[in-house]
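# quick one, what's the 3D model for this:
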Amino acid sequence: MRDTTTRRGFLSLVGVGALAGCSALDNVTDSEEPRISTYGFPDVEDDEYPDRPVPPSVPVDIGTAHLEAERSRTTSLLSELPTPLGPDDIPNGHIRGHLTSAAADARANLDEALQASTELTALTSLRQARERARYAAEGWAFVTDGRTVPELRRERSEAVSSARSFREQYEYVGDDPVRAAVVHGEIEETLEHATDEDRVHVSHGGTLLTVAEWGEEIESVQARLDSARHLAERFTESLPADVGTVEAVLRSAQETLAADVEQRQSGLPPEQTADEWGPREELLDSLRWRAEDSAETVRTRPGPASGVVDGARLLSVHGASDRVQQRLDEGESFRVESREAVQRYRQTAHEALQTALEDSQSTPLARAVVSDASSSVSRADWELGRLDGDVRASRVEDAVVGYVIATAMARATPTAVDRAVEVLESA
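Model prediction:
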């Protein structure tokens, strides 16, 4: 878990430009510091990151029938609500607002699913739609049917038990260990969230909203279990009838990759302690944070498949750290003084992400790694999109750091994926 209690952890979250005194350029007067026009910067929503340039995907044909079933579940839940939900239905405007907002979220998620560029991102949006629709429907059921927390607690416990039973009986079938790692890894991650019994559900908005929250959590468990079952079924259907298990291969590869990552730990840059922070300090700190305790992370993933995928990702982080350190040693400052320079960093990041997919032995595994790296581009785009007019150059440093990290990870991905493929094929 990321440490956000230290100055280092806080800076990693809010970025170098968000704190006064964090950038060396803050010692420069406004009249001396270069100013950059934000014309042509990404247009983003204030309350959410834009989509990743490389969205998550899985090498399984999810199919439109399942996606339509998920959509139908959401619309069925929403149909239980009166339209519009007014003060005669729920006099308390605060509580009513929570339910109407949840219903609006669900509809927005349905729209996002239609626009999704991969089936997996569509499935994720539809799960979120189900969750928010259930929140609204369950809150209304408290009014009309007297729904109670104890009965919902029992329902959630039953759903979690079903998810755990499925997890305990799960078999790692496959004829290609690389493809199997990506598919089983996604299923492991999905089930990990569905089998968590330790969530607390207490709303400060009263019993109605507590009931709504329990309903949302029940739907989350069931939707994740539905997704895991469907992915497993579709994957198995794509394999020969007499296919065996690859569990031993995955577990062996997981440990080998953890050992590889462990050997790289000593090469991480030291923790940054400078009083003034600029791109150099933020880059080194961010990369160090991404790789800290990484060997243990590989070993403690929800299962061997997600451990293998994470091993490949962390090898790319270490490779990225090496690349950035080399450029810093060669005198690169990663400071910018013009809009064109910022746009070049952004364009380079986008190109590097696509090249990583093309140059890797396994595109599905590379996509799992690169999708994570591309989240840095999404955050950087969001940082730029919030700016307006002409701004001080230090205001764009966070975004530049994000683009540099994404580029470095992308360029390190083919080597990391090649190593993971080698380990899987020789295990």
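# contacts only, for residue 390.
35, 36, 37, 38 (C-beta atoms under 8 Å, 6 or more residues apart in numbering). C-beta here means a position set from N, CA and C on the backbone, and glycine is covered the same way.
# swap the cut-off to 7 Å and go again
By C-beta atoms under 7 Å, 6 or more residues apart in numbering, the residues touching residue 390 are 35, 36, 37.
# could you export these as JSON lines, including neighbour count, secondary structure and distance to residue 227?
Formatted as JSON lines, the contacts of residue 390 follow (neighbours: other C-beta atoms under 10 Å; DSSP: H, G, I helix; E, B strand; the rest coil; distance: C-beta to C-beta, whole Å):
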{"residue": "35", "neighbour count": "15", "secondary structure": "strand", "distance to residue 227": "48"}
{"residue": "36", "neighbour count": "24", "secondary structure": "strand", "distance to residue 227": "43"}
{"residue": "37", "neighbour count": "14", "secondary structure": "strand", "distance to residue 227": "45"}
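# for residue 166, state which of these is nearest.
Among the contacts of residue 390, residue 36 lies closest to residue 166 (C-beta to C-beta), at 52.5 Å.
# how about the contacts made by that closest one?
So residue 36 contacts 338, 339, 342, 390, 391, 393, 396 (C-beta under 7 Å, 6+ apart).
# list only those of these flagged as buried.
For the contacts of residue 36, a burial check counting by 16 or more other C-beta atoms under 10 Å picks out 339, 342, 391, 393, 396.
# low-confidence ranges in the protein?
By pLDDT under 70, the low-scoring segments of the chain are 1-31, 198-202.
# go ahead and flag the most central residue of it.
residue 372 (6.8 Å; C-alpha atoms, centre = their mean).
# stretch 369-387: which residues count as buried?
369-385, 387.
# mind saving the C-alpha coords of that stretch as CSV?
The C-alpha coordinates for stretch 369-387 follow below in CSV (Å, rounded to 0.1, in the frame of the first residue of the first chain):
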residue,chain,number,x,y,z
VAL,A,369,1.6,-4.0,-18.8
VAL,A,370,1.2,-1.1,-21.1
SER,A,371,-2.4,-0.4,-20.0
ASP,A,372,-1.0,0.2,-16.5
ALA,A,373,1.7,2.5,-18.0
SER,A,374,-0.9,4.4,-20.0
SER,A,375,-2.8,5.4,-16.9
SER,A,376,0.1,7.9,-16.4
VAL,A,377,-0.8,9.4,-19.7
SER,A,378,-4.5,9.7,-18.6
ARG,A,379,-3.5,11.5,-15.4
ALA,A,380,-1.1,13.8,-17.3
ASP,A,381,-3.8,14.7,-19.8
TRP,A,382,-6.1,15.5,-16.9
GLU,A,383,-3.4,17.7,-15.3
LEU,A,384,-3.1,19.6,-18.6
GLY,A,385,-6.8,19.8,-19.2
ARG,A,386,-7.4,21.6,-15.9
LEU,A,387,-5.1,24.5,-17.0
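# what sits up against that stretch?
15, 38, 41-44, 46, 49-56, 312-313, 316, 349-350, 353, 356-357, 395-396, 398-399, 402-403, 405-406, 409-410, 413, 416-417.
# would you mind giving the domain segments of the protein?
7-54+247-426, 64-237 (automatic domain parsing).
# now the residue nearest to the centre of the chain: how far from residue 410?
As for residue 372, its distance to residue 410 is 10 Å (criterion: C-beta to C-beta, to the nearest Å).
# same question, residue 197
Residue 197 is 38 Å from residue 410, by C-beta to C-beta.
# the more surrounded of these two?
Between residue 197 and residue 410, counted using other C-beta atoms under 10 Å, the more crowded position is residue 410 (30 against 11).
# can you tell me the element that one falls in?
Taking DSSP states H and E as the definition, one finds residue 410 inside helix 397-426.
# next, the buried residues of that helix.
Using 16+ other C-beta under 10 Å as the test for burial, helix 397-426 gives 397-414, 416-421, 423-424.
# got it, and stretch 155-163?
Neighbour-count burial for stretch 155-163 flags 155, 156, 159, 160, 162, 163 (criterion: 16+ other C-beta under 10 Å).
# what sits closest to residue 316 if chain neighbours are left out?
residue 416 (4.0 Å; C-beta to C-beta, 6 or more residues apart in numbering).
# what's the answer for residue 320, then?
Counting by C-beta to C-beta, 6+ apart, residue 320 lies nearest to residue 408, which is 3.6 Å off, once chain neighbours are set aside.
# next one: residue 180
Nearest to residue 180 is residue 174, by C-beta to C-beta, 6+ apart, at 3.0 Å.
# count the residues that sit near the one you found.
Residue 174 is flanked by 24 other residues according to other C-beta under 10 Å.
# all helices of the stretch 301-427 of the chain, in order?
Per DSSP state H, counting those that start in this stretch, the stretch 301-427 of the chain carries helices over the ranges 304-329, 339-359, 363-385, 397-426.
# export the ones you listed to a markdown table and tack on distance to residue 142?
Below are those laid out as a markdown table (distance: least, C-beta to C-beta, whole Å):
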| stretch | distance to residue 142 |
| --- | --- |
| helix 304-329 | 37 |
| helix 339-359 | 46 |
| helix 363-385 | 36 |
| helix 397-426 | 43 |
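# quick one, phi psi at residue 171?
With angles defined as degrees, to the nearest 10, residue 171 sits at phi -120, psi 140.
# residue 178 contacts residue 421, doesn't it?
Yes - counting by C-beta atoms under 7 Å, residue 178 does reach residue 421; the two are 5.6 Å apart.
# joint contacts of the two?
By C-beta under 7 Å, 6+ apart, residue 178 and residue 421 have these common neighbours: residue 362.
# quick one: residues contacting residue 259.
Contacts of residue 259 (C-beta under 7 Å, 6+ apart): none.
# what distance do you get for it to residue 291?
15 Å.
# for residue 142, same thing?
From residue 142 over to residue 291 the distance is 47 Å, taken as C-beta to C-beta.
# how about residue 77?
In terms of C-beta to C-beta, residue 77 sits 42 Å off from residue 291.
# ok so, going back, so which elements touch the helix holding residue 410?
helix 177-194, helix 247-264, helix 279-291, helix 304-329, helix 339-359, helix 363-385 (3 or more C-beta pairs under 7 Å, 6 or more residues apart in numbering; DSSP states H and E).
# now for the ones you listed, which one comes closest to residue 88?
Per C-beta to C-beta, nearest to residue 88 of these: helix 177-194, 37.8 Å.
# so how far is the closest one from its chain's centroid?
15 Å (C-alpha atoms, centre = their mean, to the nearest Å).
# can you give me the neighbour number for residue 46?
Under the neighbour criterion other C-beta under 10 Å, residue 46 is assigned a count of 7.
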